[in-house]
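Novice: This is a predicted model, with the sequence first.
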Amino acid sequence: MAEFTRLQNCLALIRLRNPPVNAISTTVARGIKESLQKAITDDTVKAIVICGADGIFCAGADIREFKVHKTFDIQLGDIVDEIQRNKKPVVAAIQKLALGGGLELALGCHYRIAHAEAQVGFPEVTLGILPGARGTQLLPRLVGVPAALDLIISGRHISANEALKLGIIDKIVNSDPIEESIKFAQRISGQSSQELQMTSDMVADKSSALGPPKGYTSKATIEFFFYLTVPGLCCGM
Ligand SMILES: CC/C=C\C=C\CC(=O)SCCNC(=O)CCNC(=O)[C@H](O)C(C)(C)COP(=O)(O)OP(=O)(O)OC[C@H]1O[C@@H](n2cnc3c(N)ncnc32)[C@H](O)[C@@H]1OP(=O)(O)O
């Protein structure tokens, strides 16, 4: 599930909870979607923090459901789009791991604050799939195409420090990233939607050289990935 908490100071907290690694099951995805809706439609909420329960952000899709579903009725990509469309700033507080769909969720957020011991990565390739929830668009926009390809094709996990240097993470903390994210969200919640729109437009301008906007995966890119990865590969969800 995902728990929605209305905090003081005009903030909302969305906490993923699915032991042992807060993987994104259908129930978790539905919970995130519903919680986001609540936060977005509540005029008193000015900023949103997304985190995981029990000291871990999220290890990606719930692989226990892979045997049950061929497709998921709630698409993580739609949730990522919703976060990006909305005018309220969203901060991802990353503890321990943000992998696969968990990293895509974090990349959809406007800011990422991670603990120094955290790791991030796209292990999809080890399962014979590709990041399918905007990761192949959002990652290159942050780190450039060569570094994004390296991470997606290798499936390796990288440290928070490397992620900071690459530009995947905005800030590393040695304290509790959830508390830090709440403080940060509080600070930026004063920004007007116009200021936020200007900031996201500037980011979009800077990355426009990388091609079409999110939601688009070129055929050539897909073919390239197919070529480089294992036979019998199926596409991400
Ligand atoms: C709606 C879908 C939307 C988007 C889809 C996106 C695609 C993806 O996200 S694909 C990527 C999926 N994630 C992974 O492949 C991660 C796989 N797991 C690991 O690499 C490791 O388990 C680990 C998370 C790095 C943790 O390693 P470690 O600390 O060594 O512990 P383990 O013994 O390996 O695992 C502990 C415990 O967690 C369970 N678990 C791990 N990952 C998942 C997962 N993704 N889903 C469900 N459960 C997971 C693992 O089975 C262990 O459970 P036990 O009951 O303790 O055995």
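Specialist: Great, that's in hand. Bear in mind the structure is a predicted one, so any value in this text is a computation, not a measurement.
Novice: tell me the contacts of the spatially closest residue to residue 125 that is not a sequence neighbour?
Specialist: Nearest residue to residue 125 in three dimensions, chain neighbours excluded: residue 155, at 4.2 Å (C-beta to C-beta, 6 or more residues apart in numbering). Any C-beta I mention is one placed from the backbone N, CA and C, and that applies to glycine too. Counting by C-beta atoms under 8 Å, 6 or more residues apart in numbering, residue 155 makes contact with 121, 122, 123, 124, 125, 126.
Novice: Same question for residue 91.
Specialist: Shown in contact with residue 91 (C-beta under 8 Å, 6+ apart): 47, 48, 49, 50, 109, 110, 111, 112, 113, 181, 184, 185.
Novice: let's see 6 Å
Specialist: 49, 111, 181, 184, 185 (C-beta atoms under 6 Å, 6 or more residues apart in numbering).
Novice: and the host helix or strand of it, anywhere near the ligand?
Specialist: Assigned by DSSP states H and E, residue 91 falls within strand 90-94. No - between strand 90-94 and the ligand, judged by C-beta under 6 Å from any ligand atom, nothing touches; the nearest distance is 13.6 Å.
Novice: Now do that strand: distance to the chain's middle.
Specialist: Centre-to-centre, strand 90-94 and its host chain are 8 Å apart (C-alpha atoms, centre = their mean, to the nearest Å).
Novice: With only the CA atoms kept, save it in PDB.
Specialist: Taking Å, rounded to 0.1, in the frame of the first residue of the first chain, the C-alpha atoms of strand 90-94 are listed here in PDB:
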ATOM      1  CA  VAL A  90       7.400  16.600  -5.300                       C
ATOM      2  CA  VAL A  91      10.600  15.500  -3.400                       C
ATOM      3  CA  ALA A  92      11.800  11.800  -3.300                       C
ATOM      4  CA  ALA A  93      13.400  10.900   0.000                       C
ATOM      5  CA  ILE A  94      15.700   8.000  -0.900                       C
END
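Novice: Go ahead and list the helix or strand containing residue 30.
Specialist: helix 26-41.
Novice: do residue 5 as well
Specialist: Applying DSSP H and E, one finds residue 5 within strand 2-6.
Novice: That strand pairs with which strands, and in what direction?
Specialist: Note on strand 2-6: by DSSP bridges, its sheet partners are strand 11-16 (antiparallel).
Novice: Can you name the residues in contact with the strand it pairs with?
Specialist: Residues contacting strand 11-16 (C-beta under 6 Å, 6+ apart): 2-7, 22, 28, 35, 39, 45, 47-53, 58, 185.
Novice: Ramachandran angles for residue 68?
Specialist: For residue 68, the backbone dihedrals (degrees, to the nearest 10) come out as phi -90, psi -50.
Novice: how deep is it tucked in, by neighbour count?
Specialist: When neighbours are defined as other C-beta atoms under 10 Å, residue 68 has 9 of them.
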